[in-house]
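# Sequence below, structure please.
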Amino acid sequence: MITQNLITNFDSLLSVFGLLLLFVAIVMMLGARFKLFDNTRWEWSEFGIVSTPKKNAQIISVLLAVMGIVLMILS
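Here you go, the predicted model:
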């Protein structure tokens, strides 16, 4: 019975999850905008990667926003 309800309401679950991802992405972007993440640089010398938590938050929030939009389109 529960699985039948999940299958029936799968489209609405996708759109709700997409909206949740968009909300999380917006909160992360606002956190990066209003300097809630510090700019301490860290380096991964084996791969030549230099990054900051602010840059990581911006990249992850863009990826989450794209995933949320795709889920909302698919539903």
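# Buried residues of the longest helix along the chain, list them for me.
Ranked by residue count under DSSP state H, the longest helix found in the chain is helix 10-33. For helix 10-33, a neighbour-count test (16 or more other Cβ atoms under 10 Å) marks Leu14, Ser15, Gly18, Leu21, Leu22, Ala25, Met28, Met29, Gly31, Ala32 as buried. Where C-beta positions appear, they are placed from N, C-alpha and C, glycine not excepted.
# ok, now which ones touch the spatially most central residue of the chain?
Using Cα atoms, centre = their mean, the residue of the chain that lies closest to the mean C-alpha position is Leu64, 2.5 Å off. If you count contacts by Cβ atoms under 8 Å, 6 or more residues apart in numbering, Leu64 has them with Leu21, Leu22, Val24, Ala25, Met28.
# Do I have it right that the last one meets Ile60?
What it means is Met28. Yes - using Cβ atoms under 8 Å, Met28 is in contact with Ile60, at 6.5 Å.
# Might you calculate how far the lowest-mean-pLDDT helix or strand in the chain sits from the centre of the chain?
Lowest on mean pLDDT, DSSP states H and E among the helices and strands of the chain sits helix 2-8, with a mean of 72. Remark: helix 2-8 is offset 26 Å from the chain centroid, using Cα atoms, centre = their mean, to the nearest Å.
# Tell me how many other residues crowd the residue nearest to Phe10 when sequence neighbours are not counted.
Nearest residue to Phe10, sequence neighbours excluded (Cβ to Cβ, 6 or more residues apart in numbering): Ser75, at 8.0 Å. Ser75: 14 surrounding residues under other Cβ atoms under 10 Å.
# which residues sit in contact with Ser75?
Counting by Cβ under 8 Å, 6+ apart, Ser75 has contacts Phe10, Asp11, Ser12, Leu13, Leu14, Ser15, Gly18.
# which ones are touching the third one?
I take that to be Ser12. Shown in contact with Ser12 (Cβ under 8 Å, 6+ apart): Ser75.
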